[in-house]
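Participant: dropping a prediction and its sequence here:
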Amino acid sequence: MTTNNDKYEILVKIAKKRGIFWPAFEIYGGVAGFYEYGPVGVLIKRRIIDEWLRQVVYGRDGLVVEVDTPIITPRIVLKASGHEDNFTDPVTECLKCGRTFRADHLIEEKLGISAEGLPLDKMAEIMRQNNIRCPVCGGELTPPKPALLLFKTEIGPYKGSPAYLRPETAQGMFVSFKNVFNSMRNKLPLGIAQVGRVGRNEISPRQGLIRLREFTIIELEFFFDPEKQEEEVNKYMDEELLNEKMNIITADMKLNNIKKPREYSARELIEKGIVKTPWMAYWMAVGNKFLKNLGIPADRIRFDEKLPEERAHYSEQTFDQEVLTEKYGWVEVAGYSYRTTYDLSRHIKYSGADLTAFRKYDKPREKEVIKIKPNPVEIRKRFANKFSEIMKALASIPQEELINKIVRQGYIEVNGMRLDKELFFIKREKIKVHGEKFVPHVVEPSFGLERIFYVVLENSLKISSERTYLALTPRIAPYYVAVFPLVTGSKEEHQNIKNIAWAIYRGLLNSGIPAYYDEEGSIGRRYARADEIGIPYAVTVDYETLRNNTVTIRERDSRKQERIDIKDIYDYITGKIGFRKTWIEFLDKELNKA
RNA sequence: GCGGCGGUCGUCUAGCCUGGACUAGGACGCCGGCCCUCCAAGCCGGAGAUCCCGGGUUCAAAUCCCGGCCGCCGCACCA
């Protein structure tokens, strides 16, 4: 019997043996929280990214575009985003036993009051006043110090300006929003996606690929107009997405101690008001399909809504998407956050840039505007000797304030003098307004690539007494097809068989099919090696090939073989892997609709 | 970060307690050769080990002692 731990260990062994992944810096003893991808691993990783790009980014009716922005991020950006303040933990250390604790958690535990976000000196005071001591040994605690989880660096070699490695790629999308939005001709809704490396200086990373200090995020920021969200979702969400079933644990369910998820369709999530924006349901449905297409069974995927105190500082609503693993139980592979206007508003404030979109009204609206100007003749009449002083002071008062004071209260005070509305020209004017500026709202589906990579591998690994293989869904296999000569001896017909196999291999590579060639060891061993890295098909050239130009093609999981003509190999493989069937089915459906 | 346990070819391991005969042994895997009609076969040969790192004790350290690194488990942290 294979236990969970055995399975994990077999996976780790295969990963190292076959070049999939392993801990980084191994020859120097390794550094916790860093992993390396090997030659086969990079291919699988790339295929997963490609599938994400295809399904979540470029397959979304043109809603989403992609960018690539810097990893090193000036301090101001992460100050604006709130990370510099929120990505630190207040840590206190016991002077006696050396244990460290989160100061705010200790306060909450002892006093039952929320201490999250309090200034450090305030926390120190509370701890002193209430004589909070080490919960383990009762020793004295140091005042809380901030532990920053951002990697710090400097831009410029001498006296550089402070910078951090980005802890998420999202800020790249917010900071570049204006340029992307303009280049996409100012249209909403607009998704901006990015695949990129990030760094988080975790206190204690463990759990292999699940908790890393440097990893890859694939995420998108989806910008939309909150006033048009219903009609726009209706336009883009087809029946298939609306009917997508998901396992959900809502925050309400958690508060009522219900731990078993309920099944909801995306439509129900919207209609029952479980999601705070219908776009949340849209992206959750897309993400659910994405993971299923990577081979994760639907009953091993669930969404867990975070309670307010569990959410990141920027989020109005968060669902974690989790996958059940053998090794780690439920693992969060993606987070769906409703970031509202938080990030853009903060960058507007810190940078001064206009990061708004323009909402055109259906019809131009008539709007009354009031313009106020001082009436010099009247003012001189009333305040002859203060005239220039008054005029100067008035010039520096903004229009809104003039309107506010004069129209609403009937007068304005300037340098201690009361100026009544009779001293002003008040002009009321009707103008046509075509729309208004607003800050777009944002929903963010954010995936941890290494976690997806891990859950897919773990899920794909099949172990039996007979054999061990990776049942990767064909599209994310490192190679689509292996090519083998049945025999590799020195007789002339053996040589011919080898030559044909080699020619087929080269032909496939030349046609853009990721192919793999192996002639070492017995045919059985070669199948086994190919199976271990998840190659879904194997073409074998044998004696019959010499007679009639056919080869056998073997399917990895069933080990069934078919005999096909050499000329049909390309079509066979692209048919199995590829998009031809999808194209025909989809086109039929779409044309019938039209 | 704290506590417990551990670390020997790519992998699994023998040796460690009781220091020396260890040029660190074996198996699997890998590479080469032979064999050559389909699922990890067989035979022959080969390469492959900073005994995790640093220091100490000793005539002598894989082995004993100290510190560090890394891993696993628990706590804490993180999502």
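Facilitator: That came through fine.

Participant: let's see the pLDDT reported for the residue of the stretch 351-500 of chain A found nearest RNA strand B.
Facilitator: Proximity to RNA strand B, evaluated over the stretch 351-500 of chain A using Cβ to the nearest atom of the strand, is greatest for residue A:489 at 2.6 Å. Where you see a C-beta, it was placed from the backbone N, CA and C, and this is true even at glycine. On the pLDDT scale, residue A:489 is placed at 90.

Participant: how about it, secondary structure?
Facilitator: coil (DSSP: H, G, I helix; E, B strand; the rest coil).

Participant: so what's the backbone phi/psi at it?
Facilitator: phi -70, psi -170 (degrees, to the nearest 10).

Participant: burial measure for it, as a count.
Facilitator: By other Cβ atoms under 10 Å, 11 other residues sit near residue A:489.

Participant: ditto for residue A:529
Facilitator: For residue A:529, using other Cβ under 10 Å, the count is 17.

Participant: equivalent analysis for the one 4 residues further on, please.
Facilitator: As a burial measure, the neighbour count of residue A:533 was computed by other Cβ under 10 Å and equals 25.

Participant: OK, contacts around it?
Facilitator: Residue A:533 makes contact with A:18, A:20, A:40, A:470, A:477, A:478, A:479 under the criterion Cβ atoms under 8 Å, 6 or more residues apart in numbering.

Participant: what's opposite the closest residue to residue A:53 other than its chain neighbours in the beta bridge?
Facilitator: Leaving aside its chain neighbours, residue A:53 sits nearest to residue A:66 (7.2 Å; criterion: Cβ to Cβ, 6 or more residues apart in numbering). With DSSP bridges as the criterion, residue A:66 is bridged to residue A:193.

Participant: the closest residue to residue A:87 other than its chain neighbours and RNA strand B, how far apart?
Facilitator: Of all residues not flanking residue A:87 in the chain, residue A:149 sits nearest, at 4.8 Å (Cβ to Cβ, 6+ apart). Using Cβ to the nearest atom of the strand, to the nearest Å, residue A:149 is found at 7 Å from RNA strand B.

Participant: was I right to think residue A:149 contacts residue A:86?
Facilitator: No. With contact defined as Cβ atoms under 8 Å, residue A:149 does not reach residue A:86; the gap is 9.6 Å.

Participant: which one's more surrounded, these two?
Facilitator: Higher neighbour count among residue A:149 and residue A:86: residue A:149, with 18 against 15, using other Cβ under 10 Å.

Participant: next one, pLDDT for the more buried one please.
Facilitator: Reported pLDDT for residue A:149: 85.

Participant: also residue A:134?
Facilitator: pLDDT at residue A:134 comes out at 68.

Participant: how about residue A:141: what's its closest non-neighbour residue?
Facilitator: residue A:92 (4.7 Å).

Participant: same deal with residue A:412?
Facilitator: Using Cβ to Cβ, 6+ apart, the closest residue to residue A:412 is residue A:405 (4.1 Å).

Participant: which residues touch the residue nearest to residue A:87?
Facilitator: Here residue A:149 is in contact with A:87, A:88, A:89, A:167, A:200, A:201, A:202, A:203 (Cβ under 8 Å, 6+ apart).

Participant: filter those down to the ones close to RNA strand B.
Facilitator: Among the contacts of residue A:149, proximity to RNA strand B is found for A:87, A:89, A:200, A:202, A:203 (Cβ under 7 Å from any atom of the strand).

Participant: OK, contacts around the residue nearest to residue A:53?
Facilitator: A:53, A:57, A:58, A:192, A:193, A:194, A:195.

Participant: rewinding a little: the residue nearest to residue A:141: neighbouring residues, count only.
Facilitator: Neighbour tally, residue A:92, other Cβ under 10 Å: 25.

Participant: that one in helix, strand or coil?
Facilitator: Going by three-state DSSP: residue A:92 is strand.

Participant: bridging residues for it?
Facilitator: The partner residues for residue A:92, given DSSP bridges, come to residue A:101.

Participant: test my guess that it contacts residue A:128.
Facilitator: No. Judged on Cβ under 8 Å, residue A:92 makes no contact with residue A:128 at a distance of 11.5 Å.

Participant: element containing the nearest residue to residue A:364 once chain neighbours are set aside?
Facilitator: Of all residues not flanking residue A:364 in the chain, residue A:432 sits nearest, at 4.2 Å (Cβ to Cβ, 6+ apart). Here residue A:432, judged by DSSP states H and E, is contained in strand A:424-438.

Participant: run me through the strand neighbours of that strand, direction for each.
Facilitator: Assessed with DSSP bridges, strand A:424-438 is paired to strand A:357-374 (antiparallel).

Participant: list the buried residues for the helix or strand following the strand it pairs with?
Facilitator: Per DSSP H and E, strand A:357-374 leads on to helix A:376-382 as the next helix or strand towards the C-terminus. The neighbour-count check on helix A:376-382 (16 or more other Cβ atoms under 10 Å) flags A:379, A:380 as buried.

Participant: avg pLDDT for helix A:376-382?
Facilitator: 78.

Participant: after it comes which helix or strand?
Facilitator: Criterion used, DSSP H and E; the element after helix A:376-382 is helix A:387-395.

Participant: who are the packing partners of that next one?
Facilitator: When contacts are defined as 3 or more Cβ pairs under 8 Å, 6 or more residues apart in numbering; DSSP states H and E, helix A:387-395 packs onto strand A:357-374, helix A:376-382, strand A:411-414.

Participant: do you know the pLDDT at the spatially most central residue of chain A?
Facilitator: The C-alpha lying nearest the average C-alpha coordinate of chain A belongs to residue A:446 (Cα atoms, centre = their mean; 1.7 Å). pLDDT, residue A:446: 96.

Participant: the bottom helix or strand of chain A by mean pLDDT?
Facilitator: strand A:100-102 (a mean of 68; mean pLDDT, DSSP states H and E).

Participant: which SSE is immediately downstream of that one?
Facilitator: helix A:103-111.

Participant: okay, angle between the helix or strand that that next one is followed by and helix A:103-111 too, please.
Facilitator: Next along the chain after helix A:103-111, taking DSSP H and E as the criterion, comes helix A:120-129. Interaxial angle, helix A:120-129 versus helix A:103-111 (axes from the mean of the first three to the mean of the last three Cα atoms, to 10 degrees): 30 degrees.
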